[in-house]
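# whatever this is, show me its structure:
(2 chains)
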Amino acid sequence: MKKHVSLLGLIFLSLVIQTTALAGLPHQLAKPDLLLILIVYFGLNTSPLAGAILAFLSGFMMDIFSGSIFGVHTFSKTAIFFLTILIKDRFYIKSPLFQAGTIFSFSIIEGFIIISILGLISPIENLLSPFFTFIIPQSLITGLVGPFFIALIKYVTLFSQGELIKS
Amino acid sequence: MLEKEISIFKRYRLPLFAIIFLTAAMLTISSRINNVERFAFIDWLFLEITFPFQKAIIYSTDALGDLIDSYVLLVNLRRENVALRKMVAELQEENTILREKAIASERLRNLLRFSKNIPRPMLPVQIIGIDPSSWFRTIVIDKGTKHGVDRGMAVVSPEGIVGHVLQTSPHCAKVLLITDFNNSVDAIVQRSRAKGIVEGSGDNLCRLKYAPRAHDIQLGDRVVTSGLGGRYPKGLLIGKISKIEKKSYGLFQKAEIKPSVNFTKLEEVFVITETYPIEIP
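Residues are numbered from 1 along each chain as shown, chains lettered A, B, ... in the order given. Reported below is the predicted structural model:
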């Protein structure tokens, strides 16, 4: 239970940092998505049920802070979690380079998921234009930050010595 | 029998969880689209819990920024002359503080001048959070229902309109910016009085739509609020025309608008706490 709470705390802290400190970065459009990195970490290191709950909650919390169409991030983050579980036994993603590549790819995939949901809910002109303006820059930044952030999460979770984390 | 059931569950555990959680997420989207009010309590509860942490991080990052500006850049000078460095650091710190105060004073003077020009009660608020995703354009402000902020109220700055209040909690509120593609404002082109609807395009720009083709719209034209709808006072600047799309057929023309407000540099804004149509003198 203590470990679950500490992971929830990590989600909360990442979200607060993302809405405050990271939002002030010079290039507004290319800020790393820390929650996506956390979700990939959960996919690699937690049990399916606990990870799914955490991924769902991460997306839910992000939705509370973000935009007007509620549930978009809840869906995308949960989907990314299950995608991570699907690929984790098929590809080697323990090294930082592969982690960066995986996070970059998932960030792009999440972009497509969100575009699809938004397109389904309300027809919007030029829905694909964000792909070039911010999905690729944000995915690159998230991919670059990913391995460092994962190392930091591992360091933090080492303190709690969780049963949930199979590190 | 039980063992067989357990093994079937283990085998299909992952697809089962995926179906359950993804369906729950889809239901979240669906239920929120149909009934926003029912879940408002969860939203404001979470906004309230997060509010002090956001404020603390904003203050600490500001303090850290000041520290870096004041000291870290002077590391090389220490090698040359410790005493001189100390003096420079002190002067620079003092200078930074004075400059910051001068900028803040100028900003506050502008805000005061602006608030006097609009004959509506306005509440000055500070921005404490920015949308964590790149998809939507929202900000979190440090005043909520306890200070008189309510859903739908207009948010403005001396440079122009910012957006409107989307959600509230007792001590903070979420503002939907005009650049969000779910926002639209009734507008007119100041020079030619051509009317249209300004919608956010999601990428820090807006689009003017439903402007009749026959109306004269030119690059650089200022687009202002029409006052229709009662949310925004008439005559507030939205932005300038940066691109015109006028086809040889059709009833309407479109245009791209560069908002007058630089959303990346916003610090303080005003919430107009009344909503009824009125003109700016």
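# okay, and the helix or strand of chain A with the least pLDDT?
helix A:129-130 (a mean of 71; mean pLDDT, DSSP states H and E).
# can you give me the helices in chain A?
Here chain A has its helices, by DSSP state H, at A:2-19, A:34-45, A:48-65, A:72-88, A:96-121, A:129-130, A:136-160.
# same question for the stretch 1-150 of chain B.
Assigned by DSSP state H, counting those that start in this stretch, the helices in the stretch 1-150 of chain B fall at B:2-11, B:13-34, B:40-70, B:75-80, B:82-117.
# what's the least confident stretch among those helices?
Among these, helix B:75-80 has the lowest mean pLDDT, at a mean of 57.
# quick one, what contacts the most centrally placed residue in chain A?
Centroid check for chain A by C-alpha atoms, centre = their mean gives A:Leu36 as the closest residue, at 0.7 Å. By C-beta atoms under 8 Å, 6 or more residues apart in numbering or on different chains, the residues touching A:Leu36 are A:Lys77, A:Ile80, A:Ile103, A:Phe106, A:Ser107, A:Glu110, A:Thr142. The way it works is simple: take the backbone N, C-alpha and C, and place the C-beta from them, glycine included.
# what about chain B: which of these touch it?
Among the contacts of A:Leu36, not one lies near chain B by C-beta under 8 Å from any C-beta of the partner chain.
# same list, those residues, but as CSV with distance to A:Ile53, neighbour count and pLDDT please.
Shown next, in CSV, are these (distance: C-beta to C-beta, whole Å; neighbours: other C-beta atoms under 10 Å in any protein chain shown; pLDDT from 0 to 100):
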residue, distance to A:Ile53, neighbour count, pLDDT
A:Lys77, 12, 29, 91
A:Ile80, 15, 25, 93
A:Ile103, 21, 29, 91
A:Phe106, 19, 28, 91
A:Ser107, 22, 24, 92
A:Glu110, 19, 26, 90
A:Thr142, 23, 26, 90
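# which residues of chain A score low on pLDDT?
Chain A contains residues with pLDDT under 70 at A:1-3, A:21, A:23-29, A:67-68, A:92, A:123-128, A:160-167.
# and with 50 instead?
Regions of chain A meeting the criterion pLDDT under 50 cover residues A:163-165, A:167.
# any idea which residue of chain B lies closest to chain A?
Chain A sits closest to B:Phe136 of chain B, with a gap of 2.5 Å, by C-beta to the nearest C-beta.
# re the thing from before, how about the helices of chain A in TSV, adding distance to B:Glu267?
Listed next are the helices of chain A as TSV, based on distance: least, C-beta to C-beta, whole Å:
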stretch	distance to B:Glu267
helix A:2-19	15
helix A:34-45	24
helix A:48-65	19
helix A:72-88	27
helix A:96-121	29
helix A:129-130	26
helix A:136-160	24
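# to B:Lys240, which of those lies closest?
B:Lys240 sits nearest to helix A:129-130 of all those, at 20.8 Å, using C-beta to C-beta.
# just how off-centre is the closest one within its chain?
Here helix A:129-130 is found 20 Å from its chain centre; the criterion is C-alpha atoms, centre = their mean, to the nearest Å.
# what's the answer for stretch A:89-103, then?
In terms of C-alpha atoms, centre = their mean, the centre of stretch A:89-103 is found 15 Å from the chain centre.
# residues of it that come out buried?
Within stretch A:89-103, the residues that qualify as buried are A:Ile93, A:Gln99, A:Ala100, A:Gly101, A:Thr102, A:Ile103, counting by 16 or more other C-beta atoms under 10 Å in any protein chain shown.
# ends of it, how far apart?
Chord length of stretch A:89-103, first to last residue, is 16 Å (C-alpha to C-alpha, to the nearest Å).
# can you list contacts of it?
With C-beta under 8 Å, 6+ apart, stretch A:89-103 has contacts from A:36-37, A:40, A:44, A:84, A:87, A:142-144, A:146-147, A:150-151.
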